[in-house]
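Undergrad: okay, structure incoming, though there's no sequence with it:
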């Protein structure tokens, strides 16, 4: 027996290629059968396109202040002083984080001083993931070359001791890794889903005035700009990977795109950073002024 309003949290298990989610589908079907519009209170930013997919539900958005405002008290960061190419922080052992960690390792970008992997896995798991992610047999044989890693890497945990969700304190564990790295690849929650799920993880780069890209769902970067109001670093990065539906192909394209920056000098990285100085400062101010909440309020029904 379902009683509206229903309150939902977090990623809801993700969405398939047809934007189907079993939780929302069950709620929508129930509301349809009862000939009502069911109120759903949700802390996930859902776009108008997805709202139309479940026409018998009425969404009211609640912004989690504990999450999104957790770093508003952090306003002094270390100076930008590059020593490393990529940093990336991978917590749980989700499929996407196994794939991202493996791809960074095989490309030579996983520096354990700047990249975390708080889990172990094995190559058989990775091959199993490839078999379950809508690839042809030929593509699986091809892409497996990019994801199979040495067993000692699979079996080793690389951790910085930060606590999940404790962003207020974790930023101090990560600030030097962020400001010393040219690029932060955000390891977003469930990147194997097919609908954007924007979490607070990219804010670590915003508050330290850094450059970031996310391994996330297709359309994540466009969604972040349209709904949250942050800007992209279009002077230096090609965001065409964001349009690729398949999570494996999207990750391959992402790493392929950033690889051209890997052999540049520190001075070159600084020059590129300065090309995006205005956007970096805009994003910093957009967060600390709370204007990102105003951007959301223009798009979503706040409770």
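TA: Arrived safely, thanks for sending. In this text, all values refer to a predicted model and were calculated from it rather than measured experimentally. Numbering: from 1, shown residues only.
Undergrad: in contact with the residue most central in space within the chain, which residues?
TA: Nearest residue to the geometric centre of the chain (Cα atoms, centre = their mean): residue 188, 2.6 Å. Going by Cβ atoms under 8 Å, 6 or more residues apart in numbering, residue 188 touches 96, 197, 198, 199, 201, 214, 215, 216, 217, 220. Backbone N, C-alpha and C define where each C-beta goes, glycine included.
Undergrad: and for the first one, the neighbour number?
TA: So that's residue 96. Counted by other Cβ atoms under 10 Å, the residues lying close to residue 96 total 24.
Undergrad: so what's the closest residue to it other than its chain neighbours scoring on pLDDT?
TA: Spatial nearest neighbour of residue 96, chain neighbours left out: residue 191 (3.7 Å); criterion: Cβ to Cβ, 6 or more residues apart in numbering. As predicted, residue 191 sits at a pLDDT of 96.
Undergrad: what residues sit buried inside stretch 228-235?
TA: 228, 229, 230, 232, 233 (16 or more other Cβ atoms under 10 Å).
Undergrad: ok, now stretch 275-295?
TA: In stretch 275-295, counting by 16+ other Cβ under 10 Å, buried: 276, 279, 280, 283, 284, 286, 287, 288, 292, 293, 295.
Undergrad: need the max-distance pair from those.
TA: Checked with Cβ to Cβ, those reach their widest spread between 276 and 293, with 23.7 Å between them.
Undergrad: now the strands for the chain?
TA: Assigned by DSSP state E, the strands in the chain fall at 6-8, 38-42, 57-61, 84-90, 115-117, 181-187, 212-215.
Undergrad: by contact count, what packs against the last one?
TA: Spelled out, it's strand 212-215. Counting contacts by 3 or more Cβ pairs under 8 Å, 6 or more residues apart in numbering; DSSP states H and E, strand 212-215 is packed against strand 181-187, helix 203-207, helix 220-223, helix 247-258.
Undergrad: comparing the ones you listed, which comes out most buried?
TA: strand 181-187 (a mean of 25; mean count of other Cβ atoms under 10 Å).
Undergrad: could you list the low-confidence segments of the stretch 51-200 of the chain?
TA: Scanning the stretch 51-200 of the chain for pLDDT under 70 picks out the ranges 162-165.
Undergrad: rerun that using 90 as the cut-off
TA: Applying pLDDT under 90 to the stretch 51-200 of the chain flags residues 51-52, 63-67, 75, 91-93, 160-170.
Undergrad: mind pulling up the pLDDT for the closest residue to residue 254 other than its chain neighbours?
TA: By the measure of Cβ to Cβ, 6+ apart, the closest residue to residue 254 outside its immediate chain neighbours is residue 241, 4.5 Å from it. Per-residue pLDDT puts residue 241 at 98.
Undergrad: count the neighbours of residue 241 for me.
TA: Neighbours of residue 241 under the rule other Cβ under 10 Å: 21.
Undergrad: please apply the same query to residue 301.
TA: Residue 301, neighbours per other Cβ under 10 Å, totals 10.
Undergrad: next, it: phi, psi?
TA: Backbone torsions of residue 301, given as degrees, to the nearest 10, read phi -90, psi 110.
Undergrad: also residue 114?
TA: Taking degrees, to the nearest 10, you get phi -130, psi -10 for the backbone angles of residue 114.
Undergrad: need the contact list for the nearest residue to it once chain neighbours are set aside.
TA: The shortest distance from residue 114 to any non-neighbouring residue, by Cβ to Cβ, 6+ apart, is to residue 87 (4.1 Å). Contact partners of residue 87, counting by Cβ under 8 Å, 6+ apart, are 111, 114, 115, 174, 177, 178, 180, 181, 183, 184, 185.
Undergrad: now residue 87: how far from residue 151?
TA: Shown here: residue 87 relative to residue 151, a distance of 24 Å by Cβ to Cβ, to the nearest Å.
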